[in-house]
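Peer 1: Attaching a predicted model along with its sequence, questions to come.
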Amino acid sequence: MMDKKYFSFIKQRYSLTTATRRRLIALSSEAQHLAKQAIFSIQRDDLLEAKQLIDRSKKIVNQGAKLCQTIDELEFQGSYRQALEELVEAVLFYNFSTVGKIGKISGFKVPLEVYLGGLTDLVGELARRAVTLATRKQEQQVKQLAIAASEVVIELSQMNLVGYLRNKADQARGALRRLEDILYDLSVKAK
């Protein structure tokens, strides 16, 4: 009838997977929270705090990656991928804010779709940053943000994104339009 030895193994494996998933979800929540705080710090011009928060988030994400190595299917856990995507967004925003570049990130493993999701979200952060800079009458910096956002949207539009990423790319295009509206308003008020 039932292979007791095999089903004992299955029960143990399921119990281990469930416990590990719970731990991964907790780590993911913490990493995502830190990445969000880093983004808010960048928006407030506190780059030192942002760097510290990003480093802490990376450390936690790497702990999650080790858990995923023990049980393969956890790599696709939604909360873990959301934390990775938020961290990608934070790192890209930080790198752009400090060195003016958007590109490769290091310090943690990033699946391609997660990177693209974080990249699309970056455009929204650039648009939010533009609002702050526009209120300070820093038109040149707003122009730089618009150029960067436009370059990201152009690169994304050259890919045949589908599903979730297509929706996020559409949101990025909307954020770019808002940024262009800010630039237009600044140019009208300058006259």
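Peer 2: Okay, I see it.
Peer 1: what packs against the lowest-mean-pLDDT helix or strand in the chain?
Peer 2: Least confident helix or strand, the chain: helix 163-190 with a mean of 91, by mean pLDDT, DSSP states H and E. Secondary-structure packing of helix 163-190 (3 or more CB pairs under 8 Å, 6 or more residues apart in numbering; DSSP states H and E): helix 112-135, helix 139-157. Placement of C-beta: from N, CA and C, glycine included.
Peer 1: Throw those helices into JSON lines and include distance to Ala31 and mean pLDDT, thanks.
Peer 2: Formatted as JSON lines, the helices and strands packed on helix 163-190 follow (distance: least, CB to CB, whole Å; pLDDT from 0 to 100):
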{"stretch": "helix 112-135", "distance to Ala31": "13", "mean pLDDT": "96"}
{"stretch": "helix 139-157", "distance to Ala31": "24", "mean pLDDT": "95"}
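Peer 1: Highest mean neighbour count out of the ones you listed?
Peer 2: Among the helices and strands packed on helix 163-190, helix 112-135 has the highest mean neighbour count (mean count of other CB atoms under 10 Å), at a mean of 20.
Peer 1: That one to helix 163-190, inter-axis angle?
Peer 2: 20 degrees (axes from the mean of the first three to the mean of the last three CA atoms, to 10 degrees).
Peer 1: tell me which strands and helices helix 112-135 is in contact with?
Peer 2: For helix 112-135, the packing partners by 3+ CB pairs under 8 Å, 6+ apart come out as helix 4-43, helix 78-99, helix 139-157, helix 163-190.
Peer 1: Residues contacting the third one, please?
Peer 2: It refers to helix 139-157. Contact with helix 139-157 is made by 96, 100, 102, 116, 119-120, 122-123, 126-127, 129-130, 133-134, 169, 172-173, 175-176, 179-180, 182-183, 186-187, 190, as judged by CB atoms under 8 Å, 6 or more residues apart in numbering.
Peer 1: domains for this structure, by residue range?
Peer 2: Domain segmentation of the chain under automatic domain parsing yields 7-106, 111-191.
Peer 1: what about the longest one, average pLDDT?
Peer 2: In other words, domain 7-106. Domain 7-106 carries an average pLDDT of 94.
Peer 1: end to end, how far does it reach?
Peer 2: From its first residue to its last, domain 7-106 covers 42 Å (CA to CA, to the nearest Å).
Peer 1: on that earlier part again, okay if I get the helices and strands packed on helix 112-135 as JSON lines plus distance to Ile60?
Peer 2: Below are the helices and strands packed on helix 112-135 laid out as JSON lines (distance: least, CB to CB, whole Å):
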{"stretch": "helix 4-43", "distance to Ile60": "4"}
{"stretch": "helix 78-99", "distance to Ile60": "8"}
{"stretch": "helix 139-157", "distance to Ile60": "27"}
{"stretch": "helix 163-190", "distance to Ile60": "24"}
